[in-house]
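Need coordinates for the following:
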Amino acid sequence: MTLAAGFKCKDGFVIAADTEITIGDYGHVQGEKLKKYLQSLENRITVYDLICAGAGDISYYEMAAQHIRDAIAHLPQRTYPEIKKAVEQTIAYIYEQFILKYWKINDEGCPAFDLILGIKDQEGCLSILKTDRTAVVEVDTYAMVGTGADKGLVLAEKLYRGTGITSFSSTAWMCHLVLQIFREVKGKGVHVGGNTQLYGRKTKDGEPFFKLKMGDSRYLWGIESDLLSAVRAAVAKSSLLVEGKDLDHLKTSRREIFDERVKALISRLRKLRKLCKKPQEYGGNTINMTDYGTDWMTWEDF
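This is a model prediction of the structure:
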C-alpha cells in the first residue's frame, strides 16, 4: 500500500506519492508511483497534463493509469468534461473486465486500487479527480488514498484549520507543506516510506515556485519537535514533584533546557519567515520535487 495525495490550490494543484511498494505481508521495495503523461505539440507547448498517483494493488493501479492515458490520448477534444467522462468509463471498464468477472467486491483477495489524478486540459483548466472503486469525484480541497491516508488527513486538517486550501495557499507554497505532511506520515504511517515524489502545476499567472532550505528534515522543520520539548521542560518540575522526590538540584538544568528549546523554536520560525519573504525562485509553470528518505535529527530527551 502507500500514500498518494492531491491538493487543489488557488492557482493550481500538487500531486504526490511515496515510493514504497509492499510485497506480500512484510516485504518492501522502492518504485515510482507518480506517473506523468504529458502531450505536447511540435513547438513544445503542452496540450494537456495527466498526473497519476495511486494506492492498492500495484499492477491494477498501473493498468488503470495506462488505460486512462490511452483513453484521453484518443479523445478528439481534451477538455475537462470529456476527460472526466473518459476516466469514469475507464474505471468502470477495469472493474467490469478485470476484477468483478473473477471476484465479488468484498471477497478476500479481491484486487483494489484508488487513484488521484491531476489534470490540465487543452483550455488550461486545472483539476483533481479521485477514484474510490468505481466512483470518480472532483476534489475541491485535498484528497488522500492508501494506508497512510487517515494520518495524512488529520495532519492536513490541523494545518489548514478547515479553511479550505483553494483560498488559503498558492501551489508554490503548498509543495513545501505537502512534503512536510509526507515526512510525518512516513514516520508513523503503515507501509508508507521511501522517498516522496511530487509534481506541482500552476497557472501562468500563479505565484512562482521557490526553493526552501531549512536544513532540518523533521516534520515542520523541527518546529513541532522543539515546541513539544519546550512543553515537557516547562511542566517537568510539577511532574517530578508529584513523585515526591527532592529534585531541587535539577532546577537550573531544567530552566536551561526550557530556554534552549524556546530559543531554537524562535530561531526556526524566524528563519522560515525570512526564507519565505525572499525565496529563490524557479522558472516555469511546473515543478518536480523529490524528498529523499528521513533524517530525524531529534533532541536527546530528558
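
for the chain, which spans come out with low pLDDT?
1, 22-31, 40-46, 161-168, 189-191, 237-252, 280, 294-302 (pLDDT under 70).

longest single helix anywhere in it?
helix 251-277 (DSSP state H).

Sort out which residues of that one are buried, please.
Arg254, Ile257, Phe258, Arg261, Val262, Ala264, Leu265, Arg268, Leu272, Leu275 (16 or more other CB atoms under 10 Å). The way it works is simple: take the backbone N, C-alpha and C, and place the C-beta from them, glycine included.

would a markdown table of those residues with distance to Ser225 be doable?
Formatted as a markdown table, these follow (distance: CB to CB, whole Å):
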| residue | distance to Ser225 |
| --- | --- |
| Arg254 | 18 |
| Ile257 | 14 |
| Phe258 | 15 |
| Arg261 | 9 |
| Val262 | 13 |
| Ala264 | 9 |
| Leu265 | 9 |
| Arg268 | 10 |
| Leu272 | 14 |
| Leu275 | 19 |
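
quick one: which of the residues you listed is nearest to Ile72?
Leu275 (38.2 Å; CB to CB).

what number of residues lie near the residue nearest to the closest one when sequence neighbours are not counted?
Using CB to CB, 6 or more residues apart in numbering and skipping residues adjacent in sequence, the residue nearest Leu275 is Leu212, 5.5 Å away. Neighbour count for Leu212, taken as other CB atoms under 10 Å: 15.

My understanding was that Leu212 contacts Lys278; is that so?
No. At 11.1 Å, Leu212 does not count as touching Lys278 under the criterion of CB atoms under 8 Å.

re the thing from before, which residues touch the residue nearest to Leu275?
His176, Leu275, Cys276, Pro279 (CB atoms under 8 Å, 6 or more residues apart in numbering).

for Cys125, same thing?
Counting by CB under 8 Å, 6+ apart, Cys125 has contacts Thr79, Tyr80, Ile119.

Tell me the bridge partners for Glu20.
In this entry, Glu20 is beta-bridged to Gln30, by DSSP bridges.
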